[in-house]
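# Please find the sequence and the predicted model below.
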Amino acid sequence: MSLGINNVPISEQPTVRLASYAQARDAMRNRNLRQGLYDEGKALMEKVIVNLHGSEHTTRRRLENRLFRRETFVHWERNLIPDSVMMSIAPYVGGGSIDMVDLARTTMMRIAADIAGIDLGNDPARFPQLAGLMARMARAANVNHFIGDKSEVIDDGNDALATYGSEFFDPACAVRSEAVRRRDAGEIGDDELPRDVLTTLLANQRNLEIPMQHIIQEIAYYPWVGSHSTSGAFVNLMDHVFEWLDKRPGDREVFVNDVTRLQRLGFESLRLHPASPVSERVAMADVTLADGTHIPAGTRVIVELKLANRDTSVFGADANEFNPDRTVPEDVSLWGLSFGTGFHACVGQEVAGGTDLGGDDTGVPLHGAIATMAQILLRHGVRRDPERPAKRDMQSVRQHFIEYPVLLG
C-alpha cells in the first residue's frame with residue numbers, strides 16, 4: 001500500500017483536480033504544494049531533486065544548476081547530438097528500417113549519462129545494458145500511471161537500480177571520489193574535477209549530508225528522465241511532421257533548411273503531449289489559489305496538464321488541434337506547461353526544446369535536441385515504414401510510442 005502525507009494511503013487522500021491553465025500554473029508555482037507525482041515510486045525517487053521540497057530542494061537545485069551552462073548546451077547541440085545521430089543512422093541511410101524511439105533514446109542517453117557522471121567507456125555492450133536498466137527504472141518511477149500489477153513493476157525497478165549501482169554507479173563513484181580526495185588534499189584544483197552531477201554531489205556530500213543511497217538515486221534519475229522524456233517528445237514531433245507533410249509535401253524543404261520552423265512545430269507538439277498528462281502536488285498547508293479555489297492541508301492536487309495546455313481561453317478555439325502558427329498571450333509559453341513552471345521547472349528545458357523563438361539575452365540561439373534530431377532525419381529522407389506501423393504503450397495512461405519504425409534514404 002502506498003502512503004502519502006501523515007501516512008494516509010494515497011488512495012484515501014482527499015483530492016482536488018485543476019484543469020484550467022490559470023489554476024494549473026498557480027498551483028505549480030505555489031511553494032506550499034510539494035511534488036507528489038512520484039509518491040508511488042518513492043523507492044526510486046524519494047530524495048531525487050525533482051521530489052525534494054523547500055530549502056532542501058533550493059540548495060540542491062542551486063548546486064546542480066552550475067552544471068547547466070549555455071556553452072555546454074551549444075556544444076551538445078552542434079556536435080554531440082549530430083554526431084550521435086549520424087553514428088546511429090549510418091547503416092540505414094542507403095535503405096532500411098530504423099526505430100526512432102531507440103534512435104532518440106540512444107542519442108539522449110549519451111548526453112544524460114555525461115551530465116550524471118556515468119562512464120560508458122568503449123565496450124559496445126554497456127550502452128544497451130544501461131538503456132535497458134533505465135527503461136525499467138523509468139517505468140517503476142512512473143508506476144502511478146501503470147495499468148496492471150504495480151508491485152511487480154516496483155520490484156523490477158528496484159532490481160534494476162541494484163544492478164545499475166554495481167555495474168555503473170560504483171565504478172564511476174570510485175573515480176570521482178578519488179578526484180575529490182585529491183582536490184581536498186590540494187593535489188588538483190577545482191577546475192580539474194569532472195563537471196557532472198555525481199562529482200558535484202560527492203564534493204558537497206558532507207555539507208549536504210546526503211546518504212550514498214540518495215546519490216545513487218539522483219545519478220540514476222538523470223539518464224532515464226533525460227532519455228525517455230526527450231525521446232518521447234521527439235517521436236511525437238515526428239508523428240506530427242509526417243501528418244503535416246502528408247498534406248503539405250512541399251514543406252519538407254522548408255524543414256530541411258529552417259530548424260526554427262521545426263522548433264515551432266516542436267513547441268506545439270510539446271503543448272499537446274506533455275511528458276505526463278498530469279502533475280501531482282500535495283498541500284503541506286492550507287492553500288488558496290488566485291481564483292479563490294481553497295485546498296486544505298493534506299489534499300492531493302491533480303494538475304491536469306493535458307487539459308490545461310488545451311484551455312481554449314488561453315490557446316484559442318482550436319486548442320485541441322495541432323496548429324504551430326497559433327498566437328498565445330505574452331505571459332504564456334508556446335509549449336504551455338509541459339516543462340513545468342516555478343521552482344520545479346524542468347532543468348533540461350533548453351537541452352530538449354531550446355530557447356523561446358524570441359531568443360534570449362545571450363545572443364546564442366538554442367534550437368533544442370528535438371528539432372535538431374528531426375532536421376537531421378529529414379535531411380536523410382525519413383518517412384514512415386509502411387510495413388511496420390508505430391505502436392503505443394497501452395499499459396500506461398501516458399500512451400507514448402514504444403516503437404516508431406521509419407525508412408531513410
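Nice, I can see it.
# lowest confidence element among the helices and strands of this structure?
When each helix and strand of the chain is scored by mean pLDDT, DSSP states H and E, helix 42-45 comes last, with a mean of 73.
# on contacts alone, who are the packing partners of that helix?
Packing partners of helix 42-45 (3 or more Cβ pairs under 8 Å, 6 or more residues apart in numbering; DSSP states H and E): helix 126-141, helix 150-164, helix 212-247. C-beta here means a position set from N, CA and C on the backbone, and glycine is covered the same way.
# Output those helices as CSV; include the columns distance to residue 351.
Output for the helices and strands packed on helix 42-45, formatted as CSV (distance: least, Cβ to Cβ, whole Å):
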stretch, distance to residue 351
helix 126-141, 17
helix 150-164, 22
helix 212-247, 8
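# Can you list the low-confidence ranges for the protein?
Counting by pLDDT under 70, the chain contains low-confidence ranges at 1-11, 41, 145, 147, 356-363, 396-399.
# How about the contacts made by the spatially most central residue of the chain?
In the chain, the centroid-proximal residue (Cα atoms, centre = their mean) is residue 229; its distance is 3.8 Å. Neighbouring residues of residue 229 by Cβ atoms under 8 Å, 6 or more residues apart in numbering: 275, 348, 352.
# just checking, the last one touches residue 373?
Read it as residue 352. No. Counting by Cβ atoms under 8 Å, residue 373 is not a contact partner of residue 352; they are 10.4 Å apart.
# Show me which of the two is the more surrounded one.
residue 373 (27 against 24; other Cβ atoms under 10 Å).
# Return the distance of that one relative to residue 331.
30 Å (Cβ to Cβ, to the nearest Å).
# picking that back up, next one: the least confident helix or strand of the chain to chain centre, how far?
Remark: helix 42-45 is offset 17 Å from the chain centroid, using Cα atoms, centre = their mean, to the nearest Å.
# Which residues does it contact?
Contacts of helix 42-45 (Cβ under 8 Å, 6+ apart): 2, 38, 51, 137, 140-141, 154, 157-158, 161, 217, 220-221.
# A PyMOL selection for these, restricted to the buried ones, would help me check which they are.
Those of the contacts of helix 42-45 that count as buried under 16 or more other Cβ atoms under 10 Å are selected in PyMOL with:
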select buried, resi 38+51+137+140+141+154+157+161+217+220+221
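# With distance to residue 70 as new columns, can the contacts of helix 42-45 be given to me in JSON lines?
Shown next, in JSON lines, are the contacts of helix 42-45 (distance: Cβ to Cβ, whole Å):
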{"residue": "2", "distance to residue 70": "40"}
{"residue": "38", "distance to residue 70": "29"}
{"residue": "51", "distance to residue 70": "27"}
{"residue": "137", "distance to residue 70": "30"}
{"residue": "140", "distance to residue 70": "34"}
{"residue": "141", "distance to residue 70": "29"}
{"residue": "154", "distance to residue 70": "38"}
{"residue": "157", "distance to residue 70": "34"}
{"residue": "158", "distance to residue 70": "37"}
{"residue": "161", "distance to residue 70": "32"}
{"residue": "217", "distance to residue 70": "28"}
{"residue": "220", "distance to residue 70": "26"}
{"residue": "221", "distance to residue 70": "23"}
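# now for the contacts of helix 42-45, which pair is the farthest apart?
Greatest spacing in those, by Cβ to Cβ: 2 and 220 (20.1 Å).
# just the helices and strands packed on helix 42-45: most buried one?
Highest mean neighbour count among the helices and strands packed on helix 42-45 (mean count of other Cβ atoms under 10 Å): helix 212-247, with a mean of 22.
# In terms of secondary structure, what does the next helix or strand after that one contact?
For helix 212-247, the succeeding helix or strand toward the C-terminus, using DSSP states H and E, is helix 252-257. For helix 252-257, the packing partners by 3+ Cβ pairs under 8 Å, 6+ apart come out as helix 259-272, helix 368-379.
# try it again with 6 Å
Applying 3 or more Cβ pairs under 6 Å, 6 or more residues apart in numbering; DSSP states H and E, one finds that helix 252-257 makes contact with helix 368-379.
# Just the CA coordinates for the helix it packs on, please, in CSV.
What follows is helix 368-379, C-alpha atoms only, in CSV (Å, rounded to 0.1, in the frame of the first residue of the first chain):
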residue,chain,number,x,y,z
GLY,A,368,17.0,22.0,-28.8
ALA,A,369,17.6,18.3,-29.2
ILE,A,370,14.1,17.6,-30.5
ALA,A,371,14.2,20.0,-33.5
THR,A,372,17.9,19.2,-34.2
MET,A,373,17.3,15.4,-34.4
ALA,A,374,14.2,16.0,-36.6
GLN,A,375,16.1,18.2,-39.1
ILE,A,376,18.9,15.6,-39.4
LEU,A,377,16.5,12.8,-40.2
LEU,A,378,14.5,14.9,-42.6
ARG,A,379,17.8,15.7,-44.5
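# Give me the next element, helix or strand, following that helix.
Sequence order places strand 383-384 as the next helix or strand after helix 368-379, per DSSP H and E.
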